[in-house]
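Undergrad: sequence first, then the predicted structure, then my questions.
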Amino acid sequence: MQGDDWVIRIEQYHDWWFDNAVEFLGHLLERLGVDVVWDGGISFEPLNEDEVERLVEEIEQLIVFKLKYQTKEKKTDRIIEKNRAYLPTMHRGKYVSFLALKLNEKQKNSERSIGVRKEIIDDITDILSQENTNGTKICDICGHDANELFQVSQTTYPVVTGSLRSQCGVRKMESEYHCCALCAFLGSIEWLDDMPFACDHANLTHYLLFPKIEELEELHAFKNGLRGVLTTKPYSNVISIFESAQGEKKEIYAKDEYSLLLSLLEQMWYKIEEIEEYESVLCDRWIRLKIKGMEAKYQTKYSYLEEIHIPQIERFKKIFEELLPYSDFVSHSFASPLKEGASKEIIQRLTKEDQYLMSKGIIMDDFKTFSKAFQIRQNCRLSTPKDALDYLIYTWRCKDGTI
Amino acid sequence: MVQFEQNEMETMKNSGQVLGKVADHYISDLYQLDRTRTAEEFIKQLKNICLRAISIGKKSDEMVYTKPLADLMDIINKHKENYDEIKDIVLVYATFYLGAIKYSRTRGD
């Protein structure tokens, strides 16, 4: 952190996770009515205690809102509240690191928890002020001086490696990373950001997408548009509506990263089409974070990172004008047995694989991958809507792009 | 990626329809077509399928026109270096039409 006497400045990190986190903090501050200047970072006037308290309140509300969802218990049919499992958001018994304690309603009003809360507010006031910046230790993430360092866990940075000691059994070879309070704070709150996500709950896998835009101001403008299209459903926040032949409406969500991205682009297109700002909708670089978890009680998580660069994103304009590839085509395609005897599990697995291949092919402009979905496997073929298939192939592969 | 002319696309689509019909009787022909590695192999297998289509026409009341496959061979000769892309499009349509035939039969039953 640096700046003159009156302005707090947080520089951009040029890293997908922390840049999104800086943007998210700026967004939260704007929601509290704080003036934020976006210029290669964020700048704002020092916050008073009341503003910090409101910021903490806002974050606490988001924890409940984002990390929990309601579902029906199978045995009793009761509606119960569950944690959005498998995200590494619990650290040492607290949600999103040191920010908020896992407390029930009774404990919330106890003297101890009020004391802890005060401590948290004081910590954040310190973090977001000019104090304590001349320490003797150096943060591994931002490189600035700090008085106190925190160990970097997956809560702070989702793809951080563990210690070398735990990986190869060699003692005294520890490569544990440590960061300053500001980085720990930013890393922790980023889990609450408005990012498109989908959960393949059968495989306990989460997919999260992060836009990769170099200019923070542009990133902020894009994410504001993004926030408008996200919903708050249990297994994904990007939902398409499926209308059956009987006119029955059903919500559908993607179960892999490419279907999620395709579905998201469609939703953004559909909403922003009204204001005709096409360019702002089409972000062609994304970071995909895949978290493969286990049951929530186990702490081991596997996280994988991949950059998705969509080639020639402008081609979607032409496709979207007539067809929504995910809602009208991919989501209506399913594996169908050629002979009797295929089990339900095989059909479900092949449907998922085929949808992944089709979405990936469309997103990456790769017809070969797309065509793999049509291969007959395990006596099952792919069933797709004919008109949509014709339209898609002709716009994709025909010179003048018409049927 | 090669962009094709409108009439070439039509030919590929119609070829897919013929291949779907043949695959309904002889699914291994479709697998073999998928397995081809060169334009020459692909054309050779298309010729086999043409013969198969004629024999299907003789055995049953159903006529299978093989003209689209002959036209397809011309297109492959024109785009020899990118025959793989033609193969992908044709196979997508072939599988689609095979599925449609199977589906309509189960509906009929």
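TA: Looks like it came in fine.
Undergrad: from here on, contacts and neighbour counts on C-alpha atoms
TA: Will do.
Undergrad: how about the residues of chain B by chain A?
TA: Neighbours of chain A within chain B, by Cα under 8 Å from any Cα of the partner chain: B:2-6, B:9, B:85, B:88-89, B:91-92, B:95-96, B:99, B:102.
Undergrad: need the pLDDT of residue 90.
TA: You didn't say which chain, so I picked chain A. Residue-level confidence at A:Met90 comes out at 56, pLDDT.
Undergrad: I was thinking of chain B, sorry if that wasn't clear
TA: pLDDT, read off for B:Val90, is 95.
Undergrad: contacting residues for it?
TA: Counting by Cα atoms under 8 Å, 6 or more residues apart in numbering or on different chains, B:Val90 touches B:Met12, B:Lys13, B:Ser15, B:Gly16.
Undergrad: now the helices: where do they sit in the stretch 301-403 of chain A?
TA: A:315-322, A:344-363, A:367-372, A:386-397 (DSSP state H, counting those that start in this stretch).
Undergrad: tell me which of those helices sits nearest to chain B.
TA: Closest to chain B of the helices of the stretch 301-403 of chain A is helix A:386-397 (Cα to the nearest Cα; 5.0 Å).
Undergrad: alpha carbons of the closest one, as CSV, please.
TA: In CSV, the C-alpha atoms belonging to helix A:386-397 read as follows (Å, rounded to 0.1, in the frame of the first residue of the first chain):
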residue,chain,number,x,y,z
LYS,A,386,-32.0,-31.0,-36.4
ASP,A,387,-32.8,-27.3,-37.3
ALA,A,388,-30.3,-26.1,-34.7
LEU,A,389,-27.6,-28.5,-35.9
ASP,A,390,-28.1,-27.4,-39.5
TYR,A,391,-28.0,-23.7,-38.6
LEU,A,392,-24.9,-24.1,-36.5
ILE,A,393,-22.9,-26.1,-39.0
TYR,A,394,-23.9,-23.8,-41.9
THR,A,395,-23.0,-20.6,-40.1
TRP,A,396,-19.8,-22.2,-38.9
ARG,A,397,-18.5,-24.0,-42.0
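Undergrad: ok now it, how far from the chain's centre?
TA: Its chain's average C-alpha position is 31 Å from that of helix A:386-397, according to Cα atoms, centre = their mean, to the nearest Å.
Undergrad: in the stretch 201-350 of chain A, which residue sits closest to chain B?
TA: Closest to chain B within the stretch 201-350 of chain A is A:Leu338: 7.1 Å, counting by Cα to the nearest Cα.
Undergrad: flag the shaky bits of the chain, pLDDT-wise.
TA: In the absence of a named chain, chain A is used. A:1-6, A:83-110, A:112-113, A:116, A:130-134, A:162-175, A:272-281, A:293-301, A:401-403 (pLDDT under 70).
Undergrad: nope, chain B please
TA: Within chain B, the stretches with pLDDT under 70 are B:107-109.
Undergrad: just the strands in it please.
TA: Assigned strands in chain B: none (criterion: DSSP state E).
Undergrad: chain neighbours aside, what residue packs nearest to the residue sitting nearest the centre point of it?
TA: What sits nearest the mean C-alpha location of chain B, by Cα atoms, centre = their mean, is B:Leu19, with 3.4 Å. Setting aside the residues directly before and after it, B:Leu19 is nearest to B:Ala94 in space (Cα to Cα, 6 or more residues apart in numbering or on different chains), at 5.4 Å.
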